[in-house]
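K.L.:
My questions are about this predicted structure, shown below with the sequence.
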Amino acid sequence: MANLGINLIAVLAAAVVTFALGALWYSPLLFARQWVAAHGFTPEKVEAMQKRAGSAYGVTFVCWLAMAAALAVLTRRIGVDSALGGLKLGALCWAGFAATVGLSGHMFSERRLPAYLIDASYQLVSLLGMGVILAIWQ
């Protein structure tokens with residue numbers, strides 16, 4: 001990625017911060033109970049999900065790395081170099097991609113609206129944070 005002119009350490013930092021935010025977001029401190037209830041998961045289902053969470057965490061981290069790299073390329077190519085610019089780019093990417101793809105998928109699922117809202121708000125906060133990190137740490 002060196003030929004793209006992006007800071008790989010900033011990309012890694014953005015992915016790590018986003019991953020850590022997810023650990024907090026979906027923890028009992030914030031939205032774990034509401035998320036489980038919104039999905040209608042039983043305690044047995046939650047336990048089964050926790051047993052196979054390792055591979056899900058790995059795939060999720062790789063996804064955040066890819067998103068951070070793409071956002072870094074955009075940040076660099078369009079010249080975003082301030083925290084406010086990073087916030088704007090993060091919000092635009094959320095509104096144009098994450099929220100819309102998530103909502104269209106939600107419409108064809110049996111999930112309740114609160115599940116989408118919890119996930120979409122996490123993605124918004126994540127993209128805002130990534131935008132800021134990548135804009136100021138080019």
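P.N.:
Thanks, I have it. Numbering: from 1, shown residues only.

K.L.:
now the helices for the protein?
P.N.:
Assigned helices in the chain, in chain order: 8-25, 32-39, 43-51, 53-78, 83-93, 99-107, 113-136 (criterion: DSSP state H).

K.L.:
and those, which is most packed in?
P.N.:
helix 113-136 (a mean of 20; mean count of other Cβ atoms under 10 Å). Where you see a C-beta, it was placed from the backbone N, CA and C, and this is true even at glycine.

K.L.:
Isn't V46 up against V36?
P.N.:
Yes - using Cβ atoms under 8 Å, V46 makes contact with V36 at a distance of 6.0 Å.

K.L.:
Can you work out which residues contact both of these two?
P.N.:
Here V46 and V36 share no contacting residue, scored by Cβ atoms under 8 Å, 6 or more residues apart in numbering.

K.L.:
can you list the helices of the chain in CSV and add mean pLDDT?
P.N.:
Formatted as CSV, those follow (pLDDT from 0 to 100):
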stretch, mean pLDDT
helix 8-25, 97
helix 32-39, 94
helix 43-51, 90
helix 53-78, 95
helix 83-93, 98
helix 99-107, 95
helix 113-136, 97
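
K.L.:
Please give me every residue in contact with the residue nearest to the spatial centre of the chain.
P.N.:
With distances taken as Cα atoms, centre = their mean, the residue of the chain nearest its centroid is Q123 (4.1 Å). The contact partners of Q123, by Cβ under 8 Å, 6+ apart, come to 94, 98-99, 102.

K.L.:
go with 7 Å
P.N.:
94, 98, 102 (Cβ atoms under 7 Å, 6 or more residues apart in numbering).
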